[in-house]
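S.K.: What shape does this take:
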Amino acid sequence: MKNFLFGFILIIFFNIFLLTKVNAQDPQLNERWACLIGKRCDAADANCQGVDSPGYRDVHRVRITVDPALKPNPGTTYILECLGTSKGLCTTGNADVDVKVFNKSITDSELPFNKATSTIGYKFEGMYKADGKTTEINPINNPTSDIGPFEWQSSSVDMARKYMTLNFIDPNQAATGQGNTLQLGTNDWETANRACEIVRWDPYGVVFNSLTLEPVYNAQVYLDYKDKNGDWVQYEDPMGKVNNPYRSGQGVGTVEDGHFSFVVEDGTYRLRIVPPTALLIFPYDNKKIASNYSKIYSDIYPNIQVGGTTPTFVYEIVQNGEIQHRDIPLASQTKALDSRKIKVMEVFRNRLNNGNELFKVRLSYPFAKISGVYSTI
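M.R.: Now for the predicted structure:
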């Protein structure tokens, strides 16, 4: 068994890739995995069809198509969503189906669907046929290797994700749906040889320290809307769609990466922030923000309107069809770094043809790079 140990070096680096040498291992011979292509439905060219269907939310929906080079086998095909948790979780969106895919003796709490639900607030909202409205059954029974497209809707705390197919095949049968024909005894293990395209829901904002640029832990973020009388009212939705899903260990504010997100209908809104300590103040001082903030943050909130002798803040956010993003600096009384350790927020791992493994890692602090060592103990 291979254990990977990571050390962290604080240097400026945003996207993190780590390449380590390992010995390739064969998967179970009767499993055939392949990557799917996923495109977020809030992208202009996604061509999602479920727009008018009940419960449709483009920010949590993906249009899934088959990679022509990695088609599944005809027969019974499972569709799985793999989430970039620290150890990785792949689920069919249903605990009962997960039992069939993985280990029938696994405990209920360890089933991927149940574990994702309990640890990252995962909610599977549906898998749909090409029309984006008709529910698709998972697994699907496909007479040919041409399947989909599908639309998949789910939500969780901020987490990268990828989509895959899985076939269970008799080891004595040839693996089809590829440019060449392979016996599974010499399976090229598409999952290992190819880094799947990763889809992620952008956090709709990060609360950060204006001087150190560190994300702020345990900041409370509230959303207000302007009612028909022009008054500000805290937005509360009985369906829970606008509750900030990113929760600290104290269950109140933001987690280590400072992310927050609210999904709401069109309207006029504002954000309110309660800092976790008196050393941090909202709103920020526009004259006291680190000059290189724009390397990792954008759409600073509140906006500054320059006019007259002094600039004024603009708190209103108008949403009209396009999801609004805001990063929120808190004025800091000190340049001291937070004592909290940098946290690994998510990891994706793919084995390459040359026997190496490629890791894509997101840390809680964007200005960080990871170095790693591995052990075969």
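S.K.: Let me know the helix or strand that T165 is in.
M.R.: strand 160-168 (DSSP states H and E).
S.K.: Listing partners with orientation, what would you give for that strand?
M.R.: strand 31-40 (antiparallel), strand 75-83 (antiparallel), strand 199-200 (antiparallel) (DSSP bridges).
S.K.: all strands of the stretch 201-350 of the chain, in order?
M.R.: In the stretch 201-350 of the chain, the strands defined using DSSP state E, counting those that start in this stretch lie at 207-209, 220-226, 232-234, 267-274, 280-281, 303-305, 312-314, 317-319, 328-332, 344-351.
S.K.: residue ranges with poor pLDDT in the stretch 201-350 of the chain?
M.R.: Counting by pLDDT under 70, the stretch 201-350 of the chain shows low-confidence ranges at 201-203, 236-252, 263-265, 305-311, 321-322, 339-340, 344-350.
S.K.: Distance to T119 added to the strands paired with strand 160-168, as a markdown table?
M.R.: Backbone N, C-alpha and C define where each C-beta goes, glycine included. Shown next, in a markdown table, are the strands paired with strand 160-168 (distance: least, C-beta to C-beta, whole Å):
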| stretch | distance to T119 |
| --- | --- |
| strand 31-40 | 22 |
| strand 75-83 | 10 |
| strand 199-200 | 18 |
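S.K.: so can I have a markdown table of those showing mean neighbour count and distance to V157?
M.R.: Converted to a markdown table, those look like this (neighbours: other C-beta atoms under 10 Å; distance: least, C-beta to C-beta, whole Å):
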| stretch | mean neighbour count | distance to V157 |
| --- | --- | --- |
| strand 31-40 | 21 | 17 |
| strand 75-83 | 21 | 10 |
| strand 199-200 | 17 | 12 |
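S.K.: a markdown table for these, including mean pLDDT and distance to Y315?
M.R.: Formatted as a markdown table, the strands paired with strand 160-168 follow (pLDDT from 0 to 100; distance: least, C-beta to C-beta, whole Å):
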| stretch | mean pLDDT | distance to Y315 |
| --- | --- | --- |
| strand 31-40 | 84 | 28 |
| strand 75-83 | 91 | 34 |
| strand 199-200 | 64 | 28 |
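S.K.: For V66, find the nearest of those.
M.R.: strand 31-40 (6.4 Å; C-beta to C-beta).
S.K.: Mind giving me the packing neighbours of the helix or strand following the closest one?
M.R.: Moving toward the C-terminus from strand 31-40, the next helix or strand (DSSP H and E) is strand 61-66. Applying 3 or more C-beta pairs under 8 Å, 6 or more residues apart in numbering; DSSP states H and E, one finds that strand 61-66 contacts strand 31-40, strand 150-155, strand 160-168.
S.K.: a markdown table please, covering those and showing distance to G93.
M.R.: Shown next, in a markdown table, are the helices and strands packed on strand 61-66 (distance: least, C-beta to C-beta, whole Å):
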| stretch | distance to G93 |
| --- | --- |
| strand 31-40 | 14 |
| strand 150-155 | 7 |
| strand 160-168 | 11 |
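S.K.: nearest to L271, of these?
M.R.: strand 150-155 (20.1 Å).
S.K.: can you give me the mean pLDDT across that closest one?
M.R.: The average pLDDT for strand 150-155 rounds to 92.
S.K.: Tell me which other helices or strands that strand touches.
M.R.: strand 61-66, strand 75-83, strand 123-128.
S.K.: export it as PDB, just CAs?
M.R.: Output in PDB follows, covering the C-alpha atoms of strand 150-155 (Å, rounded to 0.1, in the frame of the first residue of the first chain):
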ATOM      1  CA  PHE A 150     -27.500  13.500 -20.100                       C
ATOM      2  CA  GLU A 151     -28.000  16.300 -17.600                       C
ATOM      3  CA  TRP A 152     -26.900  15.800 -14.000                       C
ATOM      4  CA  GLN A 153     -27.900  18.100 -11.200                       C
ATOM      5  CA  SER A 154     -26.400  18.000  -7.700                       C
ATOM      6  CA  SER A 155     -24.900  20.300  -5.100                       C
END
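S.K.: got the angle between that strand and strand 31-40?
M.R.: Going by axes from the mean of the first three to the mean of the last three C-alpha atoms, to 10 degrees, strand 150-155 is angled at 80 degrees with respect to strand 31-40.
S.K.: Partner strands of strand 150-155, with direction?
M.R.: Partners of strand 150-155, by DSSP bridges, with direction: strand 61-66 (antiparallel), strand 123-128 (antiparallel).
S.K.: Low-confidence ranges, the stretch 51-200 of the chain, go.
M.R.: Checking the stretch 51-200 of the chain against pLDDT under 70 turns up 86-88, 103-105, 158-159, 170-198, 200.
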